[in-house]
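S.K.: have a look at this prediction, sequence included:
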Amino acid sequence: MRPYRRTLAALACWMLLLVPGASGQEEMALRADRVIDGTGAVRTDAVVRVQDGEIVAVEEGGTAWTHDLGAVTLLPGFIDTHIHLTSHFDTAGRIATRASGETPAQEALFAAGNAWSMLQAGFTTVQSMGSPEDVDLRDWVARGVIPGPRILTSIRPISDNTGDPAAIRAAVRERADQGADFIKIFASASLRDDGYPTLSQEQLDAACGEAATLGLRAAVHAHGPVSVQRAVQAGCTVIEHGALLDRETLEIMAEAGTFFDPNIYLVSVNYLENQDRFLGTGNFTERGFQLTRESIPVKLAMFEAALDVPGLRLVFGTDAVAGAHGRQVQELIYRVQEAGQDPMDAIRTMTSVSAESLGMEDAIGTVEPGRLADLVAVAGNPLEDITALERVVFVMKDGVVYRNVTSVGASR
């Protein structure tokens, strides 16, 4: 079956997965063996009550429920703060570009397929680093027309090509007028081009300062100490990547309260696994792939150092592009198994801390009364086996169930 036909089939049958009565309006009471609530607490034999798309109560040892999810762990909906929503392989199996000759309908279906894959994997909120095509899909998902995670987008990034500080301020205002949820800024080159700084202090001051004036967050692509320290001095919200950072710069970020989104595994492995699909496009050269291969242990060592910096606010983002959507928890598993991150801390980065970095901590990221009913159940206990996060059996967003392969018990 062609990829876009698979997408159509998925979108056509998603309602078959719903739990009876899970319209988002009727009260539901979900029982699970345990709840990891995103704050660092664990509740056993717990019941989560949902009404009108919100969590209204969380009870330990509750005796009345409408749906028994069984021997599962219930968590807040997963959050990925760094994806590329429209990135996909074309019908020929290559990375899609303007030269692929796709119709707008095909491009839209591929993007909708990416959204569906991530939702089915438990990601109820994602932040796309920018494509004009994000906007319609974001809005259609928000209206409930198409199933997918909640989408935030920068629409288009700011880069050295944008111009001088005055031009950058004007571009930030333009993105705001276009409906951008945040501002994405390239402050360094790609790691495949050695990650050198590309924006001056004055340019970063203009970009992040104008974003703050407009009430928008600023996410900065930066790999090395110079570009990151400039971004921190400019008051930017979050640093993306940071592959080449030293201890001093990590401590500067921690002291400033800057969020840090290190994409240390999935993006590199996905490129290498699909090298033949990317090679020859843009800076995807043989040398670029060699640098990607060599960067994996470098990024691991940087992340291990970051874990040892008190107060550093690590969030969860994967830089998911074509081939990686729906696989994002592999990044978290790597952080725990290879870098030694505490499983509970890792889960918090993918839930409550990421919600805080998005300015959405009052709405998502925890299983608490008053939060949106974004809930994910996995088979097993991720505190004992982090790979349980790959075994998603239940997904709810805004009180509506989009995945249910549990043995749902009778009401009680």
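M.R.: It's in.
S.K.: list the contacts for the spatially most central residue of the chain?
M.R.: What sits nearest the mean C-alpha location of the chain, by C-alpha atoms, centre = their mean, is D80, with 1.1 Å. Going by C-beta atoms under 8 Å, 6 or more residues apart in numbering, D80 touches M118, F123, T125, V126, Q127, F316, G317, T318, A320, Q328, M350, S354. Every residue, glycine included, has its C-beta placed from N, CA and C.
S.K.: what about it, which helix or strand?
M.R.: strand 78-83 (DSSP states H and E).
S.K.: could you do A377 as well?
M.R.: Secondary-structure assignment from DSSP H and E places A377 in strand 375-379.
S.K.: strands along the stretch 101-250 of the chain, start to end?
M.R.: With DSSP state E, counting those that start in this stretch, the ranges of strands along the stretch 101-250 of the chain come out as 123-128, 150-153, 182-186, 217-222, 238-241.
S.K.: any idea how far the first one is from the chain center?
M.R.: Spelled out, that is strand 123-128. Centroid displacement of strand 123-128 relative to its chain, using C-alpha atoms, centre = their mean, to the nearest Å, is 5 Å.
S.K.: name the helices or strands packed onto it?
M.R.: Applying 3 or more C-beta pairs under 8 Å, 6 or more residues apart in numbering; DSSP states H and E, one finds that strand 123-128 makes contact with strand 78-83, strand 150-153, strand 392-397.
S.K.: now the helices for this structure?
M.R.: Under the criterion DSSP state H, helices of the chain are mapped to 3-13, 104-120, 134-142, 165-178, 201-213, 225-233, 247-256, 266-273, 275-278, 286-307, 329-337, 343-349, 352-357.
S.K.: quick one on the thing from earlier: buried ones in the strand holding A377, by neighbour count?
M.R.: L375, V376, A377, V378, A379 (16 or more other C-beta atoms under 10 Å).
S.K.: tell me the contacts of the fourth one?
M.R.: Residues touching V378, when contacts are defined by C-beta under 8 Å, 6+ apart, comprise V72, T73, L75, G122, A388, L389, E390, R391, V392, V393.
S.K.: please check those and keep the buried ones.
M.R.: Using 16+ other C-beta under 10 Å, the buried ones in these are V72, T73, L75, G122, A388, L389, E390, R391, V392, V393.
S.K.: possible to save the residues you listed as a markdown table with pLDDT and distance to L216?
M.R.: Formatted as a markdown table, these follow (pLDDT from 0 to 100; distance: C-beta to C-beta, whole Å):
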| residue | pLDDT | distance to L216 |
| --- | --- | --- |
| V72 | 97 | 38 |
| T73 | 98 | 35 |
| L75 | 98 | 29 |
| G122 | 98 | 27 |
| A388 | 98 | 36 |
| L389 | 98 | 31 |
| E390 | 98 | 34 |
| R391 | 98 | 37 |
| V392 | 98 | 32 |
| V393 | 98 | 37 |
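S.K.: of those, closest to G280?
M.R.: Proximity of the buried ones among the contacts of V378 to G280 (C-beta to C-beta) peaks at E390, which lies at 32.2 Å.
S.K.: I'd assumed Q328 was in contact with the closest one.
M.R.: No. Taking C-beta atoms under 8 Å as the definition, E390 is not a contact partner of Q328, at 10.1 Å.
S.K.: list the buried residues for stretch 208-228?
M.R.: So, applying 16+ other C-beta under 10 Å, buried residues of stretch 208-228: 208-212, 216-228.
S.K.: low-confidence ranges, this structure, go.
M.R.: For the chain, the stretches with pLDDT under 70 are 1-25, 407-412.
S.K.: kindly recompute the last result at 50.
M.R.: Scanning the chain for pLDDT under 50 picks out 1-24, 409-412.
S.K.: how about R192, what does it touch?
M.R.: Taking C-beta under 8 Å, 6+ apart, one finds N283, F284, T285, R287, G288, F289, L291, T292 in contact with R192.
S.K.: give me the neighbour count for R94.
M.R.: 18 (other C-beta atoms under 10 Å).
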